[in-house]
Each structure stands twice: as C-alpha cells, then as structure tokens.
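Participant: Here you go, sequence then predicted model.
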Amino acid sequence: MARIAWYQEKIGAYDQQVWEKSLEKADLNGLDSKPKKTGHIKPDLIDVDLVRGSTFSKAKPESPWTALTRKGLVRVLLFPFFFQWWIQVTSKSISSCILMLYFMQVAAVVLYLEVPGASASEVFGPMCLMLLLGTVHCQIVSTESSRWPSGSPAASSTASPNQLSWLQACHPSKDRVSAIIWEQGDCKKADMSVLEISGIILTRVKLVEQGMGYLVLGGLMTATLALLPFAFRLAQHLDMSSLSSLSLAELAEMAVGPCDARTYAFFLITTVQRVFLTGLFFFMMCVAERTYKQRLLFAKYFSHLTSARKAKKSEIPHFRLKKVQNIKMWLSLRSFLRRRGPQRSVDVIVSTIFLLALSISFSICAQLLHSHETFLESMTNWELMVWCSSLMLFLLRLATLGSETNCKYSNSSVLLTEQINLYLKMEKKPNKKEELSIVNNVLKLATKLMKELDIPFRLLGLTVNPLIYNITRVVILSAVSAVVSDLLGFNIRVMIKSLG
C-alpha cells in the first residue's frame, strides 16, 4: 500500500497546476492555534442519515466477508480444535451434537470406500452442507464475538441502557406528538415519543401468531431429501409387475443393498446427517421467512398510524401530519421501525439461499444442455431438482414479503392524503393558511426525499446496482432459454419479445 500511495503521488504531480502546488505549500492545518468553545448538536434539526435509517445503525463485523468465510471453513474443517469457540457462539448441547455429526462424517468418508452401492452425493452432500452452515453461522456471529470478548452475552448487558440514553439525547425521541389512543373503546389523547409508539407497535407485532406452513414445508423437504437415495435405488431395481410378490425384506434390500453391517452403518450415518443438517438449513430459512413477515407487520402498523379507522382496528396510536414536528416524528419513526429486528444476520441467510439457488440452477441447466437424455438417471440431479424447487419456493415467498414491505414504507398516498387534509384545514381556518402552507411544503419535500433515498434495486438480501441486476437477469434468461430451445425446439427469448 505504501508503494501504491507513492506511485499515486508521483503520477499526480504531473497533473498539478500552479494553484494546486500553492495549496500544498500553504499551511491549512492550523486548527491547533484556533480559539475554540464548547458546542453541541441541535436536536431540533434532522440529518439525511435519519431519513435513510443510518442513524439507527446495527452492529457490523470487523472483518471482510472473505476473511469470515475463510475462518468459517477452517473452524468447520477443524471442528474439534475450535470446540470451545463453537460452545461460545451456540451452546454446549448444540456443539456436542455437531461434534458427533463431524465424527459421523469422518466415518462416512471411510465407509464410502468400502460400500459399492453408495453414491458420492450421499457422503459429500452432508459435508458441503456442514461447511455451508458453519460458514453462514460464522458470518452471523462475527459481530457478537467481537462485541462479547468474554464469550458471554452478559458482557453486553451494560450497553443497552447507555445506547438507549444516547438515543434519547441525540435523536428526535425526546420530541413528542399528541396522539390519539383507544382504551376500551374510549378515545383519549396522550403525548408520546418515537420510542413509546415503536414500543406499542413492537408489542402488537409480537402478539400476532405466526403460521406453521413454511416450517411444515421445510420438514417435508427434509424428509424427501433424506429418503430420496433409498427411493431412487428402489425405483432402479423394482419391477412393477412383480411388486405384489416381494416381501418387505426384499424391498429393503433393493433400497439399501445386500445385508452387510458396513453398508447399513453407512446408510444410517448418512441418513442421520441428512436429516439433521438439511433440517437445520430449512430451519434457518424459516427464521428468515418469519423475520420478513415481522418486517411486513412493522410496515403495516406504521402505515396505519395516520388513519383513524386502521389505527383503532390495530390498537395503535394515531396522529396526523398537521405540524412540521409531527412530520419529523413520522420520518424518525419510519427509519426506527425499518431498523428493528435482525438485519444483517438475516440478510446473510437470504443471500446464501439466493446464491445457492443460483448455483444449483446453473448446474441443472449445464447438465440438461450436456446430456438431457440421461439427466434423470442420476440421483444427484434428482437431489438438485428437489433443492432448487424448495429454495425457489422460499425465495418467492421472501421476495413477495420484501416487495410488500417496501411498498408500504414507500407509499406516498399517506403524504398525499395529509396534503389534502391540510387544504381542507386551510379552507376552514383561513387565518392559519400561512402556517399550514409551510407544513404542506414540508410534506412535498418529505415525499421527494423518501423517493430519493429509498434503495431502487434490492434483490432479497443482496443490494445490487442496475448493471449487476441486468447482467444476472440476462445470464439466467440465456441459460433457461438454451435449455428450453434444446429440449422443446423454440426460443423463449423470441417468444417473450413477441409477447411484449
């Protein structure tokens, strides 16, 4: 880096004019001799970071993702040597179970060489899955391990009150808005802060019962992937005409292989690994789905704040954007709610799901282009199809929830409605027309600012620019088009253009 800086300065000297050389010779760092006095930040003004949400920052890892990936791989490959570290970031019982799976994986590799009917995916699939899960968890807990040097969550217990007091001192949470609340059907008024309103919304979100649909789906996919090798071998050797004459022992021998202790031990080990590791992966996906659903609930309740009917139905406070202070509170609450709950950790999970689905899709397309006649004759390809379909279902669900959440936070109809209300108040109270006009202008500026700062392209957990998004779309469309053209005989891109 020193050589790079030297060469940068060297070539930069050829571009300099007289004014720039004069500035370099001048003493512009004389702050030490300047008279200073105590100052403070005015809490009645807002920063652009407040509207963007950067003010309510979340913990970030100290190391780049490449270093965290490398650490994760090493800590999984050498799991017994990092056993204490895994206990710190999980628990003793979970780490013990993973250690047992680790030694089972070693035994499976040894037995794989001696079991003739074993498939490579049966032994290397759980191995890759363990490496993937370990790497993802290492990236998730990287902020926790740096925050808790002693390895105990109790070490950060003193940070919460300090952070809260800082939030109250430096943010508009000290400001209050006159909100309407409903108690047993009676309409009452109360002065409330951002923290108090967000606390009520958080309570309402926690009271909403979450569905079990995707957890059941994950369980079904786990069972399917665990039983798939046995079903595939059974389908290869089974003759449907003689199915009624076969006994259960003969069917088991077709599915597993000849009665041998090493063969049974191998398939028992790989099945247990598949159930635990695949179930853990789908469990993480269900955690991401639940987080996205709660984000949507936060956005839903936030959009109900300025509607008296919806606020009463949702049992949350209600206030109008009839003052500049109320608009400031509304923007602060919007940013604050968008930062509530898991952020980076869930984005790591969703990004992993997306990249894994993308890799599997490319692999399937490559296999189909290479030899589509024998594609279904490989058990690995069947596994890839099950994985791809399940991952796509979760990604579709997350994409839907994420899109609905962004629409609710970026919905300008609330601000437009409040502008109409201001005009109605101007008509009823002409003496306050100047004051209400200022509020109306602030609402217009707030609408423009929200559109300016909202992220235009956000693909699930991955924030991408339009160029990367378009390249990914073109590559995926090209791969799918090549497969469809090869199998069905028509060009999907030409069909899409004709339909468009």
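Facilitator: Everything's here; your move. Numbering: from 1, shown residues only.
Participant: Go through stretch 260-278 and flag the buried ones.
Facilitator: 263, 266-267, 269-278 (16 or more other CB atoms under 10 Å). The C-beta positions use only the backbone N, C-alpha and C, and glycine is treated the same way.
Participant: Measure how far it is from the centre of its chain, please.
Facilitator: Averaging C-alpha positions (CA atoms, centre = their mean, to the nearest Å) puts stretch 260-278 32 Å from its chain's average.
Participant: For that stretch, give the mean pLDDT please.
Facilitator: For stretch 260-278, the mean per-residue pLDDT is 88.
Participant: Just the residues contacting it, thanks.
Facilitator: The contact list for stretch 260-278, computed with CB atoms under 8 Å, 6 or more residues apart in numbering, reads 97, 101, 104-105, 107-108, 111-112, 114-115, 117-118, 122-123, 125-126, 129-130, 133, 221-223, 225-226, 229-230, 256-257.
Participant: from these, which would you call buried?
Facilitator: Taking 16+ other CB under 10 Å as the criterion, what is buried in the contacts of stretch 260-278 is 101, 104-105, 108, 111-112, 115, 118, 122-123, 125-126, 129-130, 133, 221-222, 225-226, 229-230, 256-257.
Participant: Reduced to three states, what does Ala118 come out as?
Facilitator: coil (DSSP: H, G, I helix; E, B strand; the rest coil).
Participant: Against Thr69, how distant is the residue nearest to it when sequence neighbours are not counted?
Facilitator: Using CB to CB, 6 or more residues apart in numbering and skipping residues adjacent in sequence, the residue nearest Ala118 is Tyr112, 5.3 Å away. Going from Tyr112 to Thr69 by CB to CB, to the nearest Å gives 27 Å.
Participant: Would you mind extracting the C-alpha trace of stretch 132-141 into CSV?
Facilitator: The C-alpha coordinates for stretch 132-141 follow below in CSV (Å, rounded to 0.1, in the frame of the first residue of the first chain):
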residue,chain,number,x,y,z
LEU,A,132,-22.0,-24.0,4.2
LEU,A,133,-23.9,-23.9,7.5
GLY,A,134,-20.7,-23.4,9.5
THR,A,135,-19.6,-20.5,7.3
VAL,A,136,-23.0,-18.8,7.4
HIS,A,137,-23.1,-19.1,11.2
CYS,A,138,-19.6,-17.7,11.4
GLN,A,139,-20.6,-14.6,9.4
ILE,A,140,-23.7,-14.2,11.5
VAL,A,141,-22.0,-14.3,14.9
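Participant: what's the model's confidence in it, averaged?
Facilitator: 90.
Participant: How about it, which residues are buried there?
Facilitator: Leu132, Leu133, Gly134, Thr135, Val136, His137, Cys138, Gln139, Ile140, Val141.
Participant: Report the contact partners of the fifth one.
Facilitator: Read it as Val136. Gly72, Met284, Val348, Ile349, Thr352.
Participant: Quick check: phi and psi at Gln184.
Facilitator: phi 50, psi 40 (degrees, to the nearest 10).
Participant: Make sure Ile364 is actually in contact with Glu383.
Facilitator: No: with contacts counted by CB atoms under 8 Å, Ile364 stays clear of Glu383, the gap being 10.7 Å.
Participant: Now do the same for Trp182: helix, strand or coil?
Facilitator: Quick answer, by three-state DSSP: Trp182 is strand.
Participant: Spatially, and excluding backbone neighbours, which residue is closest to it.
Facilitator: Once flanking residues are discounted, Trp182 sits nearest to Lys312: 5.3 Å by CB to CB, 6+ apart.
Participant: And that neighbour, how far from Asn411?
Facilitator: Taking CB to CB, one finds Lys312 at 20 Å from Asn411.
Participant: For the spatially most central residue of the chain, what is the enclosing helix or strand?
Facilitator: What sits nearest the mean C-alpha location of the chain, by CA atoms, centre = their mean, is Asp347, with 2.4 Å. In the assignment (DSSP states H and E), Asp347 maps to helix 344-371.
Participant: and that helix, what does it pack onto?
Facilitator: Using 3 or more CB pairs under 8 Å, 6 or more residues apart in numbering; DSSP states H and E, the elements in contact with helix 344-371 are helix 120-140, helix 261-303, helix 379-409, strand 462-463, helix 466-488.
Participant: circling back: element containing the residue nearest to Trp182, please.
Facilitator: helix 308-314.
Participant: Following the chain onward from that helix, which element is next?
Facilitator: Criterion used, DSSP H and E; the element after helix 308-314 is helix 324-338.
Participant: Now do the buried residues in that next one.
Facilitator: For helix 324-338, by 16+ other CB under 10 Å, it's 325-338.
Participant: Tell me the secondary structure at Leu305.
Facilitator: Leu305 - assigned by three-state DSSP - is coil.
Participant: That one reaches Arg320, doesn't it?
Facilitator: No: with contacts counted by CB under 8 Å, Leu305 stays clear of Arg320, the gap being 9.4 Å.
Participant: So between the two, which is more surrounded?
Facilitator: For Leu305 and Arg320, the more surrounded residue by other CB atoms under 10 Å is Leu305, and the numbers stand at 24 against 20.
Participant: low pLDDT regions in the stretch 1-150 of the chain?
Facilitator: Low-confidence segments of the stretch 1-150 of the chain (pLDDT under 70): 23-34, 39-44, 54-55, 144-150.
Participant: Please enumerate the helices of the stretch 1-150 of the chain.
Facilitator: 2-12, 18-25, 48-52, 65-77, 83-89, 92-112, 120-140, 142-147 (DSSP state H, counting those that start in this stretch).
Participant: what's the most buried one of those helices?
Facilitator: Most buried of the helices of the stretch 1-150 of the chain by mean neighbour count (mean count of other CB atoms under 10 Å) is helix 120-140; its value is a mean of 19.
Participant: quick one: average confidence on stretch 425-435?
Facilitator: Averaging pLDDT along stretch 425-435 yields 88.
Participant: buried stuff in it?
Facilitator: Those would be Lys425, Met426, Glu435, for stretch 425-435 by 16+ other CB under 10 Å.
Participant: what's the first-to-last distance across that stretch?
Facilitator: 11 Å (CA to CA, to the nearest Å).
Participant: How far does it sit from its chain's centre?
Facilitator: On CA atoms, centre = their mean, the centre of stretch 425-435 falls 46 Å from that of its chain.
Participant: Contacts for that stretch next, please.
Facilitator: Counting by CB under 8 Å, 6+ apart, Lys322, Leu436, Ser437 sit against stretch 425-435.
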